[in-house]
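K.L.:
any chance you could fold what I've pasted below:
(2 chains)
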Amino acid sequence: AQRVTQPEKLLSVFKGAPVELKCNYSYSGSPELFWYVQYSRQRLQLLLRHISRESIKGFTADLNKGETSFHLKKPFAQEEDSAMYYCALSIRSNDYKLSFGAGTTVTVRA
Amino acid sequence: DTGVSQDPRHKITKRGQNVTFRCDPISEHNRLYWYRQTLGQGPEFLTYFQNEAQLEKSRLLSDRFSAERPKGSFSTLEIQRTEQGDSAMYLCASSPPYSRDEKLFFGSGTQLSVL
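P.N.:
Modelled structure (predicted):
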């Protein structure tokens, strides 16, 4: 069965510093990978998906099939980036039966 | 608010009681999902509807759990004979028919506490 691992429960960075959230997955096929974000008192929402190859709010994520990773990066963290971030995987295209990691809480300090 | 709506926001019940949650998806979203999230974990998939048809159920969904979407619009999730281990946030999400910008839209969830 597929599995998503986010090794960091908590991540604290200073404003303006780079931030990287790690995500590793186990699945033998070709999955779709996503990053979801939940800001304080808000709903869980999609941040980005690997097939879009977009940069959203300055965040990027590259799917590395060799290392089975999908790390989320931002070169200059902002205070409004403080949130809970979840990495998620789908084994079928256009299918939202997602397997989520346990999440990483990011705190950006002024 | 035109987002996914869930009711109630919070539910406290005693062990052994039955509870029912409701989810109203975004209008015209034909796909509806239920997830469960316990403290310190990410959401776990429970079940999925396309229109009124329940297409998939997780092994997490014991026979005490039942979900319906009778007219392909709102959905209900019922838990019979609740146990303390059922305490969790129950999340509903919906998505539109296949489209270029499709994504999953989540509700605010129903927090269940079983005493």
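
K.L.:
please make it C-alpha for all contacts and neighbour counts, starting now.
P.N.:
OK.

K.L.:
tell me which residue of chain A lies closest to chain B.
P.N.:
Ranked by CA to the nearest CA, the top residue of chain A for proximity to chain B is residue A:102, at 4.3 Å.

K.L.:
right, and that residue touches residue A:86 too?
P.N.:
Yes: in this structure residue A:102 lies within contact range of residue A:86 using CA atoms under 8 Å: 6.8 Å.

K.L.:
spit out the residues that contact those two alike.
P.N.:
The contact sets of residue A:102 and residue A:86 overlap at residue B:42 (CA atoms under 8 Å, 6 or more residues apart in numbering or on different chains).

K.L.:
which outside residues touch the helix or strand bottoming out on mean pLDDT in chain A?
P.N.:
Among the helices and strands of chain A, strand A:45-49 carries the lowest confidence by mean pLDDT, DSSP states H and E, at a mean of 92. Residues outside strand A:45-49 that contact it (CA under 8 Å, 6+ apart) are A:32-38, A:54-56, A:60-61, B:103-106.

K.L.:
paired strands for that strand, with orientation please.
P.N.:
Paired neighbours of strand A:45-49 in the sheet (DSSP bridges): strand A:32-38 (antiparallel).

K.L.:
CA atoms of the partner strand as CSV?
P.N.:
What follows is the C-alpha trace of strand A:32-38 in CSV, where atoms were taken according to Å, rounded to 0.1, in the frame of the first residue of the first chain:
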residue,chain,number,x,y,z
GLU,A,32,0.2,12.2,-8.3
LEU,A,33,1.6,14.3,-5.5
PHE,A,34,0.0,17.2,-3.8
TRP,A,35,0.7,19.7,-1.1
TYR,A,36,-2.3,20.9,1.0
VAL,A,37,-2.1,23.7,3.5
GLN,A,38,-4.3,24.7,6.5
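
K.L.:
quick revisit: compare residue A:102 and residue A:86 (neighbour count), which wins?
P.N.:
Applying other CA atoms under 10 Å in any protein chain shown to residue A:102 and residue A:86 shows that residue A:86 carries more neighbours, namely 29 against 25.

K.L.:
which strands or helices does the helix or strand where that one lies pack on?
P.N.:
Assigned by DSSP states H and E, residue A:86 belongs to strand A:83-90. Counting contacts by 3 or more CA pairs under 8 Å, 6 or more residues apart in numbering or on different chains; DSSP states H and E, the secondary-structure elements packed against strand A:83-90 are strand A:3-5, strand A:32-38, strand A:99-100, strand A:104-109.

K.L.:
worst-scoring helix or strand of chain B, pLDDT-wise?
P.N.:
Least confident element among the helices and strands of chain B, by mean pLDDT, DSSP H and E: strand B:53-57 (a mean of 92).
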